[in-house]
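**Q** could you look at this predicted model? Sequence included:
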Amino acid sequence: MLNLNRLKNPIWTRSDNLRDPSVFKTKEGYHLFYSRFSNKDWSKPENWSIGHVFTKDFIIFDKDRDISPKGFASPGDVILWGGRYIIPYQAYPERPTKLCFSQSQDLILWSEPEFFMEEALELPWNQAQRTIDPTFVVDGDTLHCYFVGTDLINYSGHTNLIGHAVTKDTDLRKWDILSTDKPLIGVGKDAPDGVENVVVINRDNQWTMIYSEGLKNQHLAYAVSDDLYTWELKGRLEIEAQNWIATRYGAPFIWKEDDMWLMILMGEDAENNTAFGLLSSTDGLKWNMLQDK
C-alpha cells in the first residue's frame with residue numbers, strides 16, 4: 001500500500017517538462033510512462049519522446065530513460081493483450097499525427113513504434129488529419145480505443161474531439177471505427193474548444209471516463225457508461241487549487257490502490273513548467289489533493 005502521508009505535491013519535477021502520465025502497477029512497484037518535452041519548442045520532433053521511470057514509493061524514481069525514438073508523445077494505458085504488454089501513443093508533432101503502439105514482454109524493453117488505425121486520419125470531423133491521445137480499454141475479448149481528432153471548420157477554429165473504435169484483433173490491424181460520422185464526445189458549454197486526454201475506469205460496475213475538458217481553460221470532466229459504447233456526460237470535476245497547477249491542469253491517469261483510487265495529474269505552474277501530482281478518492285469522483293509543498 002502506497003504511503004500517501006510521506007508525499008507532497010508535486011510528486012515529481014524535472015528540468016524537462018513532464019506531461020501525459022500513465023502508470024502500470026506491479027507487485028514490485030510502479031512503472032510510470034510519460035511524455036518528455038525538452039527545450040520549450042513544441043514544433044521540433046527531437047524535443048519529444050516517451051519516457052519511462054520506475055518507483056516503489058513516488059519518492060525515489062529510478063532508471064529514467066526514453067522507450068521511444070524522438071518525435072513521439074502521449075502514452076495511454078498499458079494493457080495485456082495477445083500475451084504481451086502493449087502501450088499506445090502517438091507520433092508528434094509532425095503531421096500527419098498518427099497513432100502507434102509498442103509491445104513488451106517485461107515492461108522494460110519495448111519494440112519500435114507500430115502505426116495503427118491510420119484510416120482515422122480521414123474521418124470527416126477530423127479535418128486536421130490528426131489522431132492523438134489514444135487510450136486502450138480491455139473488456140472481455142474486445143479492445144476499445146478512445147482517441148482524439150481535430151475539427152477545423154465546424155466550430156471556432158482548432159477543436160479537439162473524442163473518437164471511438166473497437167477490435168478483437170490481437171495484432172491491432174483491423175479496427176471498427178464507431179464514430180465515423182460524428183465524434184463520441186465533442187464541445188460543451190465548459191469546453192468550446194473541445195476535449196482530450198481520456199482515462200477510463202470501472203467503478204462499482206459502471207464505466208467512468210475522466211478527461212481534460214477545454215484547451216485554453218482546461219479542467220477535468222467526466223462521463224459514465226454501462227457498456228463503453230454509450231456515454232452520459234456528467235460535467236466538471238472540481239479540483240483543489242495548488243501552486244503547481246496555477247496555470248492549468250489535465251491529462252489525468254487513474255488506478256486502484258486497494259480500496260482507494262489514485263490519480264496522477266499533469267499540472268502547469270505560474271512559470272509554465274509542468275510536473276506531476278497525486279490525488280486520492282474513495283469513490284472515483286470526489287478527489288483530494290496531497291498537501292502542497
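**A** Cool, got the structure.

**Q** when you work out contacts or count neighbours from here on, use the C-alpha atoms and nothing else.
**A** Noted.

**Q** could you measure from Leu285 over to Ala241?
**A** 17 Å (CA to CA, to the nearest Å).

**Q** who's more crowded, these two?
**A** Of the pair Leu285 and Ala241, Leu285 is the one with more neighbours under other CA atoms under 10 Å, namely 16 against 11.

**Q** who are the contact partners of the more buried one?
**A** Leu237 (CA atoms under 8 Å, 6 or more residues apart in numbering).

**Q** got phi/psi on it?
**A** phi -130, psi -40 (degrees, to the nearest 10).

**Q** just Val53 next, same as before
**A** phi -140, psi 150.

**Q** how deep is it tucked in, by neighbour count?
**A** What Val53 shows, counting by other CA under 10 Å, is a neighbour count of 19.

**Q** just checking, it touches Lys63?
**A** Yes. Judged on CA atoms under 8 Å, Val53 makes contact with Lys63 at a distance of 5.6 Å.

**Q** surely Thr131 meets Cys100?
**A** No. Here Thr131 does not reach Cys100: they are 9.8 Å apart, not a contact under CA under 8 Å.

**Q** any common contacting residues for these two?
**A** Gln90.

**Q** more crowded one of the two?
**A** Neighbour count, other CA under 10 Å: between Thr131 and Cys100, Thr131 has more, with 31 against 23.

**Q** where's Gln129 relative to Tyr30, distance?
**A** For Gln129, the distance to Tyr30 equals 34 Å [CA to CA].

**Q** actually Lys216, not the one I wrote
**A** Using CA to CA, Lys216 is found at 31 Å from Tyr30.

**Q** same check, this time on Thr159
**A** 34 Å.

**Q** OK, contacts around the closest residue to Leu4 other than its chain neighbours?
**A** Residue nearest to Leu4 in three dimensions, not counting chain neighbours: Leu290, with 7.5 Å by CA to CA, 6 or more residues apart in numbering. Neighbouring residues of Leu290 by CA under 8 Å, 6+ apart: Leu4, Leu7, Lys8, Asn9, Gly277, Leu278, Leu279, Ser280.

**Q** what's the burial count for the first one?
**A** Translated: Leu4. 14.

**Q** sorry, back to before: in terms of neighbours, single out the busier of Gln129 and Tyr30.
**A** Using other CA under 10 Å, the more surrounded residue of Gln129 and Tyr30 is Gln129, with 21 against 18.

**Q** tell me which residues form a beta bridge with Trp48?
**A** Phe37 (DSSP bridges).

**Q** so which of the contacts of Leu290 are in strands?
**A** Judged by DSSP state E, the contacts of Leu290 include Gly277, Leu278, Leu279, Ser280 as members of strands.

**Q** looks like the last one contacts Leu265 (just checking).
**A** No. Under the contact definition of CA under 8 Å, Ser280 does not touch Leu265, with a separation of 11.0 Å.

**Q** nice, that's everything, thank you.
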